[in-house]
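Colleague: Here's a sequence, model it:
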Amino acid sequence: MACETVVIGLNWVGDNVLAIPAYKALQHRFRSEGGIAVAVPGNVATLLDASGIFRQVIAWDSRSTRKRIATLRAAGDFKRAVILPNSFRAAMIAFAAGIDERWGYPSDFRRILLTHPIAQREPRGHQLDDYTSLLGALNAPRVVGDTPSIKLPPPIREYGRRRLLEIGMHLDRPIFAIHAGGLYGRAKHWGDTRYVETIRKLRLEGFDVMLLTSPGERDQAERIATTCNGVPIVGHDGDVLEMAAALSHCSALITNDSGPLHVAAALDIPSVSIFGPTDPDRTTIAGATRVVRRTLSCQPCYQRECPLGHHRCMNDVSVDEVFAEAVGLFSNAEPEVAAHPIEA
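Modeller: Alright, predicted model coming up:
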C-alpha cells in the first residue's frame with residue numbers, strides 16, 4: 001500500500017531530530033493508510049531513513065523551490081501534506097505539488113495556501129511541544145514523555161566502528177567527539193582557540209579526540225586539526241548518517257548548540273554543550289547534556305552575530321570549565337547546568 005501522507009520536514013539537522021517524536025506520532029496515526037513519507041534535505045535523509053520510522057524518505061537534492069516541487073510530485077500521489085516548517089515556501093511547495101489536503105500553522109502569511117490552518121498554542125515552551133496543536137488536530141498526539149531516540153541498524157554501527165579504526169581511534173579508551181562549528185552563525189561558536197586548548201587538555205589526560213564537521217565547516221575543522229598537530233575529521237561529505245555512525249561509538253561529545261548535539265542525545269551519547277545566544281531550555285533534553293553558559297541580560301538574542309559586539313555569552317566561558325564538565329561525565333555525578341549569572 002502506498003502511503004497517502006507526506007510530511008514536509010525541517011531544513012536543519014537538529015530540528016529534524018527534535019521532530020522525531022512528532023514523526024513517530026504521525027507514522028502511528030496513518031499506519032492504516034500505509035504510514036507516512038517525509039521530505040527532507042539530502043544530508044539528513046539517510047539518517048531518517050536508517051531510523052526505520054518512515055515508509056518513504058524523499059531527499060531534497062537541491063535548495064531550489066522549483067526542483068523541490070518536482071521532486072515531491074515525482075515521489076508519489078499524496079492525498080495529504082503535514083507541513084512542519086512555518087515558512088511560506090514550505091506551504092507553497094505542497095500547494096504547487098498538487099496535494100489536496102495541506103495541514104500546518106498559518107504563519108508567514110500562508111493561510112491561503114493551507115486547506116487546514118491550525119492555530120498554534122502560545123506561549124512556546126520546549127521545541128518538542130511545537131507541533132502539539134497540529135498533531136492534536138490530526139488526532140495524532142505525541143506520546144507523553146517521548147523524547148528523540150534513534151537506534152542505528154547493526155550494519156551502520158559496524159560501519160561507524162570500522163571508520164573510527166581507519167582514522168586511528170582506539171576503541172579501548174574513551175573517545176571525545178568535538179564539533180566546533182554551527183552553520184546558523186558565528187554567535188553560536190565558542191571559538192577555535194578554546195577548542196584547540198580543550199583538545200590538548202583531553203589528549204594530555206589520555207583521551208582520543210576526533211572532530212565532527214560538514215562541508216560548510218570543513219575549513220574550520222582543518223584549521224583546528226592542523227593547529228593540534230593532526231586530529232581525525234569525520235563528516236567532510238555532509239552525510240549525517242556517517243557522522244552518527246561514528247558518533248555512536250564515542251564516549252562523549254563537546255559542542256556548541258548544533259545539530260550534532262541533538263544527534264548525540266538521540267543516540268544516548270553524553271555531551272557537554274556551550275550555549276550563548278540561544279536558550280537551552282528550548283531545545284535540550286533534560287539529562288542528555290551538561291550545559292555550560294553565562295547568564296546575561298541580553299540573552300537569548302537568537303542573532304547570527306552578536307548585536308552588541310562583545311560576544312560575552314560565549315567568550316566568558318572558560319576552557320577549564322568545559323574541560324571539567326567533560327571529564328566529569330565519567331564520574332558518578334548527575335548531569336547539570338553549569339550556569340554562572342553575570343549581569344551585563
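Colleague: any idea how far Thr132 is from the closest residue to Lys79 other than its chain neighbours?
Modeller: Once flanking residues are discounted, Lys79 sits nearest to Glu4: 4.1 Å by C-beta to C-beta, 6 or more residues apart in numbering. Glycine gets a C-beta too; all of them are placed from N, C-alpha and C. Distance, Glu4 to Thr132, by C-beta to C-beta, to the nearest Å: 23 Å.
Colleague: Correct me if wrong: Arg55 contacts Gly34.
Modeller: Yes: if you go by C-beta atoms under 8 Å, Arg55 and Gly34 touch, sitting 5.8 Å apart.
Colleague: between these two, what contacts are shared?
Modeller: Jointly contacting Arg55 and Gly34 under the rule C-beta atoms under 8 Å, 6 or more residues apart in numbering are Cys3.
Colleague: out of these two, which sits in the more crowded spot?
Modeller: Between Arg55 and Gly34, counted using other C-beta atoms under 10 Å, Arg55 has the larger neighbour count: 19 against 15.
Colleague: if we can go back for a sec, so Glu4 and Thr132 - more neighbours on which side?
Modeller: Glu4 (19 against 16).
Colleague: where does the stretch 101-250 of the chain dip in pLDDT?
Modeller: For the stretch 101-250 of the chain, the stretches flagged by pLDDT under 70 are 123.
Colleague: Next one: the residue nearest to Lys79 from Ala97, what distance?
Modeller: 14 Å.
Colleague: and what of Asn229?
Modeller: Look at Asn229 and Ala97: by C-beta to C-beta, they are 51 Å apart.
Colleague: who's more crowded, these two?
Modeller: More neighbours surround Ala97 than the other of Asn229 and Ala97, with 21 against 8 (other C-beta under 10 Å).
Colleague: residues contacting Ile53?
Modeller: By C-beta under 8 Å, 6+ apart, the contact list for Ile53 reads Ile20, Tyr23, Lys24, Gln27.
Colleague: Sorry, slip of the keys, the one I care about is Val82.
Modeller: Applying C-beta under 8 Å, 6+ apart to Val82 gives the contacts Thr5, Val6, Val7, Ile8, Leu26, Ile36, Trp103, Gly104, Leu134, Leu138.
Colleague: Can you pull the phi/psi pair for it?
Modeller: Main-chain torsions, Val82, degrees, to the nearest 10: phi -110, psi 120.
Colleague: For it, give its distance to Leu211.
Modeller: 36 Å.
Colleague: check which helix or strand covers Ala91.
Modeller: If you go by DSSP states H and E, Ala91 is part of helix 88-96.
Colleague: mind giving me the domain split of this structure?
Modeller: Using automatic domain parsing, the domain ranges for the chain come out as 5-137, 154-341.
Colleague: could I get the ones you listed as a markdown table with distance to Asp146?
Modeller: Listed next are the domains of the chain as a markdown table, based on distance: least, C-beta to C-beta, whole Å:
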| stretch | distance to Asp146 |
| --- | --- |
| domain 5-137 | 4 |
| domain 154-341 | 11 |
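Colleague: Let's test this: what are the backbone torsions at the closest residue in space to Ile8 that isn't next to it in sequence?
Modeller: In space, and not counting its chain neighbours, Ile8 is closest to Ile83: 4.5 Å by C-beta to C-beta, 6+ apart. Here is the backbone geometry of Ile83 (degrees, to the nearest 10): phi -100, psi 110.
Colleague: Next, the contact list for Ile83, please.
Modeller: Contact analysis of Ile83 by C-beta under 8 Å, 6+ apart lists Val7, Ile8, Ala90, Ala91, Ala94, Arg102, Trp103, Gly104, Leu114.
Colleague: Not counting the next helix or strand after the helix holding Ala91 itself, show me its contacts.
Modeller: As assigned by DSSP H and E, the chain's next helix or strand after helix 88-96 is strand 101-104. Among residues not part of strand 101-104, those counted as contacts by C-beta under 8 Å, 6+ apart are 8, 79-84, 86, 90-91, 94-95, 110, 113-118, 134, 137-138.
Colleague: And the helix or strand hosting Tyr159, how far out from the chain middle?
Modeller: Using DSSP H and E, Tyr159 maps to helix 154-166. Helix 154-166 sits 21 Å away from the centroid of its parent chain (C-alpha atoms, centre = their mean, to the nearest Å).
Colleague: Same check on stretch 76-83?
Modeller: With C-alpha atoms, centre = their mean as the basis, stretch 76-83 stands 24 Å off its chain's centre.
Colleague: repeat for stretch 137-154
Modeller: In terms of C-alpha atoms, centre = their mean, the centre of stretch 137-154 is set 15 Å apart from its chain centre.
Colleague: Quick one: residues contacting Phe130.
Modeller: Careful, residue 130 is Asp and not Phe. Asp130 sits next to Gln120, Arg124 when contact means C-beta under 8 Å, 6+ apart.
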